[in-house]
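Asker: what shape does this take:
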Amino acid sequence: MATTKWTIDPTHSEIGFKVKHMMFTNVSGKFQEFEATAETEEELFENVNFEFTAKTSSVNTGNPDRDAHLNSGDFFDSENYPEIAFKSTSYKKVSNGAYELKGDLSLKGVSKPVTLNIEFHGTALDPWGNKKAGFGITGKINRKDWGLNWNSALEAGGVLVGEEVKLVIELQFVKQ
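Answerer: Sure, this is the predicted structure:
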């Protein structure tokens, strides 16, 4: 079977996350600069290899002070670790349209395996005849597993920043 290559359509994709703040609300953010590729057998999405990178300095939470703190050594240390990377190791069908994606996530000099949930939205031609494929990806990681340990204790108990990071990703690929 022939390999089909797909590249990300960044104008129709979003790499986002949510983290608890003060133990009771979520703060959302996303990366503005990223690249991703997918390789399939023919045009079938039964077996896919994904690769992804994001520029840590492109993080945007809607608050410049918070973004600067996230880029500091307390979190991403963007000066020394300019990218987050993911490379898939397996892609398994769970049910109709739902898949389990396993791979290695590299962040701040640490690489660890993660498991993500994928919803395959299907393929379609855009108005210009380009074949597109869409995916929704969710998952959870513990930021401390990658050395993002900074926190501040709250006077009433608890901590300022939750350890669990929820990943909320929408990807649209274009067939090459």
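Asker: alpha carbons only for contacts and neighbour counts from here, please
Answerer: Will do.
Asker: which positions in the helix-or-strand element of the chain with minimal mean pLDDT come out as buried?
Answerer: With mean pLDDT, DSSP states H and E as the measure, the helix or strand of the chain carrying the lowest mean pLDDT is strand 44-55 (a mean of 90). By 16 or more other C-alpha atoms under 10 Å, the buried positions in strand 44-55 come out as 45, 48-55.
Asker: also stretch 131-142?
Answerer: Residues of stretch 131-142 classed as buried: 131-141 (neighbour count, 16+ other C-alpha under 10 Å).
Asker: just stretch 153-166 next, same as before
Answerer: Using 16+ other C-alpha under 10 Å as the test for burial, stretch 153-166 gives 159-163, 165-166.
Asker: from the opening residue of stretch 152-169 to its closing one, how far?
Answerer: Using C-alpha to C-alpha, to the nearest Å, the end-to-end distance of stretch 152-169 comes out at 28 Å.
Asker: what's the distance between that stretch and the middle of its chain?
Answerer: Offset of stretch 152-169 from its chain centre (C-alpha atoms, centre = their mean, to the nearest Å): 19 Å.
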